[in-house]
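J.: with the sequence up front, the predicted model follows.
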Amino acid sequence: MKILVIGHPDAVLGFSLAGVGGIVASTAEEANRALDEAQASKEVGIVLVTQDVAELIPARMEHLNLRSTIPLVVEIPSRGGVPEGQASLGDIVLRAIGIKL
């Protein structure tokens, strides 16, 4: 099972340094294409979508958050950080896959 990041170039680069693959997306079309690829892949088990990209496709993200099981789609904070009152990236990963960062 692989983890895939879809997001801003900085996020994709940062995760790639930890050995996690990624796809850069800056438009709704690119984000949808990347999600289609991730869902079609038998190897991808978890998809991390940065918040800025998730905001480009809110209806699809809501649908995936409610219904997606494999791959599990999780929204993570963008490079701007965690907005006040929202869970940190560590908390999100812990809830999603049970690993504490």
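T.: Great, that's in hand. Predicted model, so just to flag it, every value in this text is computed and none were measured.
J.: low pLDDT regions in this structure?
T.: Counting by pLDDT under 70, the chain has low-confidence residues at 79-97, 99-101.
J.: helices along that one, start to end?
T.: Remark: helices assigned in the chain by DSSP state H are 9-16, 28-40, 51-54, 58-67, 89-97.
J.: and the residue nearest to residue 11 when sequence neighbours are not counted, what does it touch?
T.: Nearest residue to residue 11, sequence neighbours excluded (C-beta to C-beta, 6 or more residues apart in numbering): residue 50, at 4.9 Å. All C-beta atoms are positioned from the backbone trio N, CA, C, and that covers glycine. The contact partners of residue 50, by C-beta atoms under 8 Å, 6 or more residues apart in numbering, come to 5-8, 11, 75-79.
J.: can you rerun that using 7 Å?
T.: If a contact means C-beta atoms under 7 Å, 6 or more residues apart in numbering, then residue 50 has 7-8, 11, 76, 78 as its contacts.
J.: now it: how far from residue 72?
T.: 16 Å (C-beta to C-beta, to the nearest Å).
J.: hang on, the earlier thing: which among the helices of the chain is found nearest to residue 22?
T.: helix 9-16 (3.5 Å; C-beta to C-beta).
J.: alright, I will stop here.
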